[in-house]
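K.L.:
Here is a sequence with its predicted model. Questions after.
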Amino acid sequence: MEAHPRLSIAIRGDGKNQVPSFPRLAARMNDELAPRTSGESFAAQIVAIAERGDRAAFGSLFAHFAPRVKAYLMRLGAPASVAEELSQEAMLVVWRKATYYDPRKSQASTWIFTIARNLRIDALRREARPELHPDEQALVPTQPQGAEESIAAHQYAVRLREALKTLPPDQAEVVNLSFFSDKAHGDIGRDLGIPLGTVKSRLRLAMNRLRTALGDTL
Amino acid sequence: MTPSHHPSAATLFDYGSGSLSEPLALAVVTHISMCAECRERLAQIETVGGVMLEDLEPEEMSPDCYAQTLARLDDTVPIPFLIGDVSAVDSPFAGTPLTPYLGGVGELPWKRLGRGVAAVDLVRRRNRGTRATLFRVSRGTLLPLHGHRGREMTVVLEGKFFDETGAFVAGDFIEHDAEMVHRPAVTSDEDCVCLIAVEGRLKFKGVFGRLIPLFVDM
């Protein structure tokens, strides 16, 4: 038998029979559903969890992101019940790893996307996800960051969203498929009936366009 | 030292969206840990992932879902942020994405494969017949001409090597598609250590090359 390295992401309680219901908390949480909060305050909410275990902050993150993580997992083929369970797991990872979140480096949605992505690989594909160590500049001292760092992470995502809208349809299609199909670009090309070189060049052009939009001259 | 050979945009999209098998993902993230430029490129791709997550139509969650999750918060201990990995400081690649795959501390279990070549299996024949192997090739060794049945990704960790497509130093990432046939060689001044991830078995060329698979499980 081969060893199977796994990320330890699953966090479980003692069993289903111990899960009480919290009708009042649930009701309070519904009140908090109403206002749609911006990316910046989602980031502040993750920080609030890290600093003081803020449950209200957790509630509003849950209300916004859990249904979207569920949708993401369903788009990738998970049955609704599995997707819902994993979206709960993803939010528990948000709670548990909030101290690792750096609002200067990434948007809340980016961070939660990576959590959902890794959880999906772990749970549905039963593979470990090789990751950067949190102290990630381990092998080589990093260069000073480029202009991007002066752009707030939020502003960065706003510009990226705008740039995504301007992608030509053929590029947008392969970018979409790379996130919403469990397929590497070679298989995506086969599904679309286009040569490997074409898929690669579309993704390269898409990336160039996004980088240009971000003012990245690398 | 800054790497000058990087993963293609298509390969970074594969990694960022979570569609690479574990061995190939390990090769990509090992390069990323050594390359500030690719960390930036990956951050952009993950931001695209976050934007796409935000833009998904939310799926309805079952009514008691939030209450269940809240109940589990009590059993979920937040992880304090740790800098550095003290558990494996003696390992040659401590603190890198390779660490969890090297199993323990101290001398690696190198297995001799032939003259001038030793290897350590990291991930072996998981999905899609892929595997990741650490190779140590002695100075002045010419490897047999071979082709591939799938993608091959190489990250140079120490020393340098060259083939028909160029010369590569520590940090460089080299990827070949299935049609590539090449004959890597290591120069006479130092040994070379590489991480190589492949899909499918190699195809050896020539009379000598065709005999190799009889002796060496590649």
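P.N.:
Thanks, I have it.
K.L.:
shaky segments in chain A?
P.N.:
Applying pLDDT under 70 to chain A flags residues A:1-38, A:126-127, A:132-151, A:216-218.
K.L.:
Give me the domain ranges for it.
P.N.:
Following automatic domain parsing, chain A resolves into domains at A:21-133, A:166-218.
K.L.:
and those as JSON lines, adding mean neighbour count?
P.N.:
Heads up, the C-betas are built off the backbone N, CA and C, glycines and all. Below are the domains of chain A laid out as JSON lines (neighbours: other CB atoms under 10 Å in any protein chain shown):
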{"stretch": "domain A:21-133", "mean neighbour count": "19"}
{"stretch": "domain A:166-218", "mean neighbour count": "17"}
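K.L.:
Export those as a markdown table, with columns for distance to B:A67.
P.N.:
Listed next are those as a markdown table, based on distance: least, CB to CB, whole Å:
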| stretch | distance to B:A67 |
| --- | --- |
| domain A:21-133 | 4 |
| domain A:166-218 | 30 |
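K.L.:
mind listing the strands in chain A by residue range?
P.N.:
In chain A, no strands are found when defined by DSSP state E.
K.L.:
Okay, B:R112 and B:F135: tell me how far apart.
P.N.:
For B:R112, the distance to B:F135 (CB to CB, to the nearest Å) stands at 11 Å.
K.L.:
Name the residues contacting each of the two.
P.N.:
B:A118 (CB atoms under 8 Å, 6 or more residues apart in numbering or on different chains).
K.L.:
In space, what's closest to B:D55 - neighbours in sequence excluded?
P.N.:
Spatially, and ignoring its direct neighbours in sequence, B:D55 is nearest to A:R161 (8.0 Å; CB to CB, 6 or more residues apart in numbering or on different chains).
K.L.:
count of neighbours near that neighbour?
P.N.:
For A:R161, the tally of surrounding residues (other CB atoms under 10 Å in any protein chain shown) stands at 19.
K.L.:
could you check the distance from it over to A:N176?
P.N.:
Distance, A:R161 to A:N176, using CB to CB: 14 Å.
K.L.:
Please tell me I have it right and A:F42 contacts A:A63.
P.N.:
No - at 10.9 Å, A:F42 does not count as touching A:A63 under the criterion of CB atoms under 8 Å.
K.L.:
Which pLDDT value does the model give B:V181?
P.N.:
Listed pLDDT for B:V181 reads 80.
K.L.:
Name the residues linked to it by a beta bridge.
P.N.:
Counting by DSSP bridges, B:V181 forms beta bridges with B:G147.
K.L.:
surely it meets B:E152?
P.N.:
No - judged on CB under 8 Å, B:V181 makes no contact with B:E152 at a distance of 11.0 Å.
K.L.:
Tell me which residues are up against stretch B:165-174.
P.N.:
The contact list for stretch B:165-174, computed with CB under 8 Å, 6+ apart, reads A:139-140, B:1-7, B:27-28, B:31, B:34-35, B:38, B:153-162, B:176, B:182.
K.L.:
which of those residues are buried?
P.N.:
A:139, B:3, B:5-7, B:27-28, B:31, B:34-35, B:38, B:153-157, B:159-162, B:176, B:182 (16 or more other CB atoms under 10 Å in any protein chain shown).
K.L.:
Among those, which lie within strands?
P.N.:
Among the buried ones among the contacts of stretch B:165-174, the members found in strands (DSSP E) are B:153-157, B:160-162, B:176, B:182.
K.L.:
what subset of those is also close to chain A?
P.N.:
With the criterion set as CB under 8 Å from any CB of the partner chain, no member of those is near chain A.
K.L.:
For chain A, state which of the residues you listed is nearest.
P.N.:
Nearest to chain A, judged by CB to the nearest CB, of those is B:L157 at 8.4 Å.
K.L.:
Skip the chain neighbours and tell me the closest residue to that closest one.
P.N.:
Nearest non-adjacent residue to B:L157 (CB to CB, 6+ apart): B:V193, at 4.6 Å.
K.L.:
Need the three-state assignment for that neighbour.
P.N.:
Secondary structure assignment for B:V193 (DSSP: H, G, I helix; E, B strand; the rest coil): strand.
K.L.:
my read: it touches B:T154, true?
P.N.:
No - B:V193 sits out of contact with B:T154 when judged by CB under 8 Å, with a separation of 11.1 Å.
K.L.:
shaky segments in chain B?
P.N.:
In chain B, residues with pLDDT under 70: B:1, B:77-78, B:80-92, B:94-95, B:104-105, B:125-129, B:201-218.
K.L.:
Name the residue closest to the centre of it, please.
P.N.:
The residue lying closest to the centre of chain B (CA atoms, centre = their mean) is B:A27, at 1.2 Å.
K.L.:
So that one is in contact with B:V156, correct?
P.N.:
No - counting by CB under 8 Å, B:A27 does not reach B:V156; the two are 11.1 Å apart.
K.L.:
can I assume B:L113 sits in a strand?
P.N.:
Yes - counting by three-state DSSP, B:L113 is located in a strand.
K.L.:
My understanding was that it contacts B:T133; is that so?
P.N.:
No - with contact defined as CB under 8 Å, B:L113 does not count as touching B:T133 (9.5 Å).
K.L.:
Overlap in contacts, the two.
P.N.:
B:A119.
K.L.:
Going by residue numbers, what spans are helices in chain B?
P.N.:
Assigned by DSSP state H, the helices in chain B fall at B:9-16, B:22-33, B:36-55, B:65-73, B:99-102, B:206-215.
K.L.:
Quick check: which of the ones you listed is buried the most?
P.N.:
Mean neighbour count, computed with mean count of other CB atoms under 10 Å in any protein chain shown, is highest for helix B:22-33 among these, reaching a mean of 27.
K.L.:
Distance check, B:R72 against chain A.
P.N.:
Separation of B:R72 from chain A (CB to the nearest CB, to the nearest Å) stands at 5 Å.
K.L.:
Count the residues that sit near B:S188.
P.N.:
As a burial measure, B:S188 scores 9 neighbours (other CB under 10 Å).
K.L.:
Let me see the contact set for the residue nearest to it when sequence neighbours are not counted.
P.N.:
Leaving out its chain neighbours, the residue that sits closest to B:S188 by CB to CB, 6+ apart is B:G140, at 4.3 Å. B:G140 makes contact with B:116, B:186-188, according to CB under 8 Å, 6+ apart.
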